[in-house]
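**Student:** sequence unknown, structure follows:
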């Protein structure tokens, strides 16, 4: 069965109503209850009964989830496989509906995630007049500069690909994302394969070197994980592109993956400024 | 929300977001990644002495920092091609740079003037795309002059002249590249 035939079969025969579920909201509520319980237990003198009650609520919600959701997974997986094999997701990103709104929501959650991480970093950093604290290694900017260059070029390649898919330029679609994957891998290799090992093995900076060391590895680590996820997503897009599964009308997944990659790039700029160049240092504690 | 009722239609799309990110990246990387170059190191000493006979402006470390060239401003004339997405991108890039400024927290306001100046480039992009960049240079120079005078308390004229030369220089380089790109029809 060709991609177009699978696509038609998907559009006419597959029931997409099962894809919608109230379970994510339920899980969100349960996770919130769990975190609230954790906070309560850490606060001395607060009600243990309330904390225990919240844990009980979390366990109950997890049970409801397991009982109600898991039996539906085989059908949802089959429908998702149909969607992947049938070709690009219909609809363009800027048309909120198919890909745009879910992608935007996901990016909002990522902004909240990184925002929290940065706020925590600055809260810790604000107590120090000198940063990094005396005796610690000052980071060189050569490596992050190279990494920034890789991300810039990869974003340009994704832009080339996104513009190309709308004009039916399959060469741009294929090699744009392929280039982005290679450059993304280069970023990861430089960070996880060179910079981190170099810092750790020489002892110049380790996670045990106080708040600066811990913050550095935590922030670059979570960003690195996001880069790896972006490389995986871009790889999927590349494979699908080489199978000619994207065209002028069906390329939502391509745009979503590209948008996520651009977001990862933006976060890196702030990381570069805050970690390597001591950004916002004028709000530090006075010596 | 249905596809028919899309408040972002025509306003936000992936191409514009990509352009925003690319211009932000180039602007930020140009300053964060490259060695800081002040106008004082580029101008001949005779010219510097003529502008600042007392020598106090030239000797000021804070003014050296303030008059550091932002390579990303070379992209300013290209607003004529790229539009609002690049305006926001260059502004964000400048904001990232401003967070690392050694002048102080006042530099966090500089991106506002960058945004305003770039907006004028977009508004006055024809004919020749010369008026917009000149307004951009003037706005940025005036603001940086104000910052320089506020922070150091030095004589106004040398500070203003030097900021004007700095911004005019970098935007002129960008304008040459813009004319080249326009001639070669690289960006349609």
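**Tutor:** In hand now; what should we look at? For clarity, every value in this text was computed on a predicted model and none was experimentally measured.

**Student:** quick one: average pLDDT of the helix or strand harbouring residue B:21?
**Tutor:** Assessed by DSSP states H and E, residue B:21 sits inside helix B:14-32. Helix B:14-32 comes out with an average pLDDT of 89.

**Student:** next helix or strand past that helix?
**Tutor:** helix B:39-42.

**Student:** quick one: that following helix to chain centroid distance?
**Tutor:** Distance of helix B:39-42 from the chain centroid (CA atoms, centre = their mean, to the nearest Å) equals 17 Å.

**Student:** Contacts for the helix or strand just after that helix, please.
**Tutor:** Next along the chain after helix B:39-42, taking DSSP H and E as the criterion, comes helix B:45-51. For helix B:45-51, the surrounding residues in contact (CB atoms under 8 Å, 6 or more residues apart in numbering or on different chains) are B:40, B:55, B:57-58, B:158, B:161-162. In this view, the C-beta of every residue, glycine as well, is placed from N, C-alpha and C.

**Student:** Farthest pair within these?
**Tutor:** B:55 and B:161 (14.6 Å; CB to CB).

**Student:** Which strands and helices lie in contact with the helix holding residue B:21?
**Tutor:** helix A:142-166, helix A:252-271, helix B:84-98 (3 or more CB pairs under 8 Å, 6 or more residues apart in numbering or on different chains; DSSP states H and E).

**Student:** how about those in CSV, adding mean pLDDT, distance to residue B:36 and mean neighbour count?
**Tutor:** Output for the helices and strands packed on helix B:14-32, formatted as CSV (pLDDT from 0 to 100; distance: least, CB to CB, whole Å; neighbours: other CB atoms under 10 Å in any protein chain shown):
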stretch, mean pLDDT, distance to residue B:36, mean neighbour count
helix A:142-166, 93, 13, 22
helix A:252-271, 92, 17, 25
helix B:84-98, 94, 10, 24
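
**Student:** ok so, going back, quick one, the helix holding residue B:21 and helix A:142-166 angle?
**Tutor:** With axes from the mean of the first three to the mean of the last three CA atoms, to 10 degrees as the basis, helix B:14-32 and helix A:142-166 are set at 160 degrees to each other.

**Student:** Now residue 158. Nearest residue, chain neighbours left out?
**Tutor:** No chain in the question, so chain A it is. Sequence neighbours aside, residue A:258 is the residue nearest to residue A:158 in space, at 4.4 Å (criterion: CB to CB, 6 or more residues apart in numbering or on different chains).

**Student:** I was thinking of chain B, sorry if that wasn't clear
**Tutor:** Counting by CB to CB, 6+ apart, the residue nearest residue B:158 is residue B:52, at 4.2 Å.

**Student:** can you pull the buried residues of the top helix by length along chain A?
**Tutor:** Counting residues, the longest helix found in chain A (DSSP state H) is helix A:210-242. Within helix A:210-242, the residues that qualify as buried are A:211-213, A:215-217, A:219-220, A:223-224, A:226-228, A:230-231, A:233-238, A:240-241, counting by 16 or more other CB atoms under 10 Å in any protein chain shown.

**Student:** centre of the chain versus that helix, how much separation?
**Tutor:** For helix A:210-242 - counting by CA atoms, centre = their mean - the centre lies 7 Å from the chain centre.

**Student:** Go ahead and flag the most central residue of the chain.
**Tutor:** Using chain A. Nearest residue to the geometric centre of chain A (CA atoms, centre = their mean): residue A:226, 4.2 Å.

**Student:** try again with chain B
**Tutor:** Centre-nearest of chain B using CA atoms, centre = their mean is residue B:73, 3.8 Å out.

**Student:** Just say helix, strand or coil for it.
**Tutor:** helix (DSSP: H, G, I helix; E, B strand; the rest coil).

**Student:** Report the contact partners of it.
**Tutor:** Taking CB under 8 Å, 6+ apart as the test, what residue B:73 contacts is B:27, B:90, B:140, B:167, B:170-171, B:174.
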